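Enquirer: pasting the sequence and the predicted model now:
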Amino acid sequence: DTEVTQTPKHLVMGMTNKKSLKCEQHMGHRAMYWYKQKAKKPPELMFVYSYEKLSINESVPSRFSPECPNSSLLNLHLHALQPEDSALYLCASSQSQGARGWTGELFFGEGSRLTVL
Amino acid sequence: GEDVEQSLFLSVREGDSSVINCTYTDSSSTYLYWYKQEPGAGLQLLTYIFSNMDMKQDQRLTVLLNKKDKHLSLRIADTQTGDSAIYFCAERKGASGGSYIPTFGRGTSLIVHP
């Protein structure tokens, strides 16, 4: 199983709503990532979890709240978002550096397309 | 993406070769990657090259690395319409807490005409 599964695929929410994006992988990867991608732009790193602990927060506004309940799951909780937060949110996972056969490859999900009205 | 630069568009005819170029800035980069993103989808790793290699070939794909000029290229032989996508160059830029943090270029949109 080399898949990263993200749900929902599409989400429309108002600025006062609270919603969550979910990501799951069963490859035994211990590093998981959230990226934000606007149209015609590269993915921008938001958060990195390593061994279920938040290791990097790229100065993301607090209206985005990540959570890693276990080694297979990664959530992104959304609250009081702005229209400019509309984007494709990509989850990725990778082996931790030092693992046998490490190549640094990121395995991406298909993304959750978020629209904030 | 300012540390990794790519041209934004490339248009080729089906059957021709495509060459996508990338320049990077971190001379300590040990791994360099090419990812492909089809419309509405996530990114998928196409190939990677270690910094101690000059060239890597994988079926229709050839990666050339010029470390002196910090230049990376991806050649796709016999380009097909299914190769139409955005191609991102990425360099590994150090690690933190055991995590690999790639820096992506802005992506090159490859358009293949029948």
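Expert: That came in fine, so what should we check first? Quantities reported herein were computed from a predicted structural model and do not represent experimental measurements.
Enquirer: look up how far A:E58 lies from the residue nearest the centre of chain A.
Expert: Centroid-nearest residue in chain A, with Cα atoms, centre = their mean: A:W34, separated by 2.7 Å. Using Cβ to Cβ, to the nearest Å, we find A:W34 at a distance of 9 Å from A:E58. In this view, the C-beta of every residue, glycine as well, is placed from N, C-alpha and C.
Enquirer: name the residues contacting each of these two.
Expert: Common neighbours of A:W34 and A:E58, using Cβ atoms under 8 Å, 6 or more residues apart in numbering or on different chains, are A:L45, A:M46, A:F47.
Enquirer: so which of those residues comes closest to chain B?
Expert: A:L45 (6.8 Å; Cβ to the nearest Cβ).
Enquirer: enumerate every residue touching the closest residue to A:M13 other than its chain neighbours.
Expert: Nearest non-adjacent residue to A:M13, counting by Cβ to Cβ, 6 or more residues apart in numbering or on different chains: A:K19, 5.1 Å away. Going by Cβ under 8 Å, 6+ apart, A:K19 touches A:L11, A:M13, A:H77, A:L78.
Enquirer: got a quick PyMOL command for the buried subset of those?
Expert: A single PyMOL command selects the buried members of the contacts of A:K19 (16 or more other Cβ atoms under 10 Å in any protein chain shown):
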select buried, chain A and resi 11+13+78
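Enquirer: nearest to B:S18, of the contacts of A:K19?
Expert: Using Cβ to Cβ, A:L11 is the member of these that sits closest to B:S18, with 35.0 Å.
Enquirer: so the residue nearest to B:T23 when sequence neighbours are not counted versus B:S27, what's the distance?
Expert: The shortest distance from B:T23 to any non-neighbouring residue, by Cβ to Cβ, 6+ apart, is to B:E5 (5.0 Å). Using Cβ to Cβ, B:E5 is found at 15 Å from B:S27.
Enquirer: quick check: the residue nearest to B:T23 vs B:S84, distance?
Expert: Where B:S84 is concerned, B:E5 sits at a distance of 22 Å (Cβ to Cβ).
Enquirer: please name the residues that touch the closest residue to A:P83 other than its chain neighbours.
Expert: Nearest residue to A:P83 in three dimensions, chain neighbours excluded: A:V116, at 5.0 Å (Cβ to Cβ, 6+ apart). Neighbour list for A:V116: A:V12, A:M13, A:G14, A:M15, A:L81, A:Q82, A:P83, A:E84, A:D85, A:S86 [criterion: Cβ under 8 Å, 6+ apart].
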